[in-house]
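K.L.:
sequence plus predicted model, see below.
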Amino acid sequence: MSLVAQTLGKALIFPYIYRNMSASPDLLWALTRKTNAFLVKRSGAILTSEPNNLMGKHCFKYSGLANAEVVGVEETDAQRGE
């Protein structure tokens, strides 16, 4: 049995446990603060290109990965003129 099938089977047996499992924002920030794929270092400044980070600053306050409440902006087809 594959790992995905095992995980799905457990989720069906214990739906309450798997639905409510999540890491704290502080733990996520501690794990991704120094190394992640979205870091951009330019002329001494540390910026980020992660989704849902509207300011582009690399700090916990604006993090789109670690914060529980984030805001994102996406373009729709109507705005593109299609």
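P.N.:
Okay, I see it. Numbering: from 1, shown residues only.
K.L.:
assumed Ala30 was part of a strand.
P.N.:
No. Counting by DSSP: H, G, I helix; E, B strand; the rest coil, Ala30 is located in no strand; its state is helix.
K.L.:
so for the host helix or strand of Asp26, what gets flagged as buried?
P.N.:
Secondary-structure assignment from DSSP states H and E places Asp26 in helix 25-32. The neighbour-count check on helix 25-32 (16 or more other C-beta atoms under 10 Å) flags Leu28, Trp29, Thr32 as buried. C-betas here are computed from N, CA, C, even on glycine.
K.L.:
what's in contact with that helix?
P.N.:
With C-beta atoms under 8 Å, 6 or more residues apart in numbering as the test, helix 25-32 has contacts from Phe60, Ser63, Leu65, Ala66, Asn67, Ala68.
K.L.:
and the fourth one, how many neighbours does it have?
P.N.:
Okay, so that is Ala66. 24 (other C-beta atoms under 10 Å).
K.L.:
on that earlier part again, flag the least confident of the contacts of helix 25-32.
P.N.:
Within these, the minimum per-residue pLDDT falls on Ala68 (78).
K.L.:
look at the closest residue to that residue other than its chain neighbours and report its pLDDT.
P.N.:
Excluding its sequence neighbours, the residue lying closest to Ala68 (C-beta to C-beta, 6 or more residues apart in numbering) is Pro25, at 5.4 Å. Confidence at Pro25, expressed as pLDDT, is 86.
K.L.:
now Pro25: how far from Asp77?
P.N.:
Per C-beta to C-beta, to the nearest Å, Pro25 is found 33 Å from Asp77.
K.L.:
again with Val71
P.N.:
Taken as C-beta to C-beta, the span from Val71 to Asp77 is 21 Å.
K.L.:
check Ser24 too.
P.N.:
The gap separating Ser24 from Asp77 is 37 Å, by C-beta to C-beta.
K.L.:
which of those two has more neighbours?
P.N.:
Ser24 (10 against 7).
K.L.:
just read off the phi/psi values of that one.
P.N.:
Torsion angles at Ser24 (phi, psi; degrees, to the nearest 10) stand at phi -70, psi 150.
K.L.:
quick one: average confidence on the helix or strand where Ala78 lies?
P.N.:
Using DSSP H and E, Ala78 maps to helix 77-80. Helix 77-80 shows an average pLDDT of 70 in the prediction.
K.L.:
before I go, just wanted to say thanks for your time.
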